[in-house]
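J.: kindly return the folded structure for what I paste below:
(chains A and B)
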Amino acid sequence: MRDEVLDRLTCELWEMASKYRRLLRRDAAPPTAESEADRQKVSPLYAHLQTSIDRHLDGEVYKLLTRTQNLRDERALWSSTSPRRRLARIGVEVAIRRQPMLCTSQRPILSFRGLLRSLSLTPEEESRPQSLLPGTKKDVPDLPKERLEALQIAVTSKLGGRSIALEELPKLLTPDEATMLSQMARKGEVVVLVQDGHVTLAKPSGKGEPPRTSVAILIASK
Amino acid sequence: MSDEVIQELFVALTSRWVRPDGRLAIGVPTSRLAQTLRLEPPALRAKLQEVQDKVAELGLEVRSYTEDGEEWQCICAATGGPVDLDLLAQGVLGVIIRLALERRTRSVPLKLLKDALIRRDYITESELQRIIRDLDRHGYIRRKKGSLSFGFRTQLEFTEEALQQIKEEVASTIF
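T.: Residues are numbered from 1 along each chain as shown, chains lettered A, B, ... in the order given. From the prediction side, this is the model:
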């Protein structure tokens, strides 16, 4: 008879814990009156707890009831704010938990795949870690405006809309044209993509997009 | 290792790249680092450890991540740093984190996200589209066949514990 009472007590605590665990998993909180009725139902059982399982279950039920109340309170507080503000508040919670990747430059200065593969290094340079970096920033030497425009046209007509093997590039462009290409890439007028050993020109990024600047000075340094 | 080499490695590890498809990548692929420095993997690890020892004083750490099957090395801030996203975008990321953690596949159907945010007036459709594009471009999520999954930055910048905490915060704020 005594065992039956204890079994019923265990079942009751188990069912209560399951109910609130299920609700919390769905982020649902029952009305306060219902929770209070459940709490009053569980409260007198404390005097009859005998096994550690029952004591654990009793504690679990109270913990779940507390979490339910917290959820209810927080929602009541947030309900007076606009949905947009609530979303921004989540943004704060996300921001403070980030361990961000670090960038020392706000503008990307290296073109994907172009960095290491397109390097044409002299033996002395090969052993230097500078080879990780894009290199010089030489501009096209002082030339008349017409000559500069002609160089630009020559570069875009030779490379525009085509995919050219990397090793073909030095043969295709004169040194001045190669330097002009570097300069145009650096200024963001064109994007030089090096992919699978082939070079293509792409349009610069639009407003709001990350800049796709690449560096082609290595072609000129050959 | 000389300070000069450390500087060069630091710049390389903190560089930003734009992939041909317009998505962002940060750091340097491990294979390229080994190739350029002409180092075997154990020697490269030792070099990276030297960088780690130097930058630890600045509250930074060298970390690696895998994207499209390729391992990259980068540097993360241990406490905080500049962000690429505004608060609303980070809020949407929080909601994506919550919805993803509720699913075994950790991917969120776009329709589900729209139901959660647009239908309840948290954000407009055009804003959501812009934010999803930004999140994808910056490496926080990956878009694939109408569903969203965690990108390399979400996996790298948030610990499992942080993800769970965000999930709970979202539960009490978005309802």
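J.: neighbours of B:G59, just the number please.
T.: Residues near B:G59, counting by other CB atoms under 10 Å in any protein chain shown, number 13. C-beta here means a position set from N, CA and C on the backbone, and glycine is covered the same way.
J.: where does pLDDT dip in chain B?
T.: B:1-4, B:79-83, B:175 (pLDDT under 70).
J.: distance of B:K54 relative to B:Q73?
T.: Look at B:K54 and B:Q73: by CB to CB, to the nearest Å, they are 15 Å apart.
J.: phi, psi for the closest residue to A:A202 other than its chain neighbours please.
T.: Computed as CB to CB, 6 or more residues apart in numbering or on different chains, the closest residue to A:A202 that is not its neighbour in sequence is A:V191, at 4.2 Å. Dihedral pair for A:V191: phi -120, psi 130, per degrees, to the nearest 10.
J.: quick check, A:V191 in contact with A:M184.
T.: No. A:V191 lies out of contact with A:M184 (CB atoms under 8 Å); the separation is 9.5 Å.
J.: which of B:K54 and B:Q73 has more neighbours?
T.: B:Q73 (22 against 17).
J.: three-state assignment of that one?
T.: In three-state terms, and counting by DSSP: H, G, I helix; E, B strand; the rest coil, B:Q73 is strand.
J.: which residues touch it?
T.: Counting by CB atoms under 8 Å, 6 or more residues apart in numbering or on different chains, B:Q73 touches B:13, B:27-30, B:33, B:48, B:62-64.
J.: of those residues, buried ones?
T.: B:13, B:27-30, B:33, B:48, B:62-63 (16 or more other CB atoms under 10 Å in any protein chain shown).
J.: what secondary structure does residue 168 sit in?
T.: All of this refers to chain A. Secondary structure, three-state DSSP: A:E168 is helix.
J.: A:L64 and A:S18, how far apart?
T.: 9 Å.
J.: quick check, B:L88 in contact with B:E127.
T.: Yes. Under the criterion of CB under 8 Å, B:L88 makes contact with B:E127 at 7.1 Å.
J.: neighbour count: the two, which is higher?
T.: B:L88 (19 against 16).
J.: so what's B:I75 bridging to?
T.: Here B:I75 sits in beta bridges with B:V62, going by DSSP bridges.
J.: now do the strands in chain B.
T.: Applying DSSP state E to chain B gives strands spanning B:16-18, B:24-26, B:28-29, B:60-67, B:70-77, B:107-109, B:141-144, B:147-150.
J.: what sits against B:D84?
T.: The contact partners of B:D84, taken as CB under 8 Å, 6+ apart, are B:24, B:134, B:138.
J.: so which of these are also by chain A?
T.: Checking these against chain A by CB under 8 Å from any CB of the partner chain, the ones in range are B:24, B:138.
J.: what is the burial count for B:P20?
T.: By the criterion of other CB under 10 Å, B:P20 has 16 neighbours.
J.: hang on, isn't it packed against A:Q195?
T.: Yes. With contacts counted by CB under 8 Å, B:P20 reaches A:Q195, the gap being 5.5 Å.
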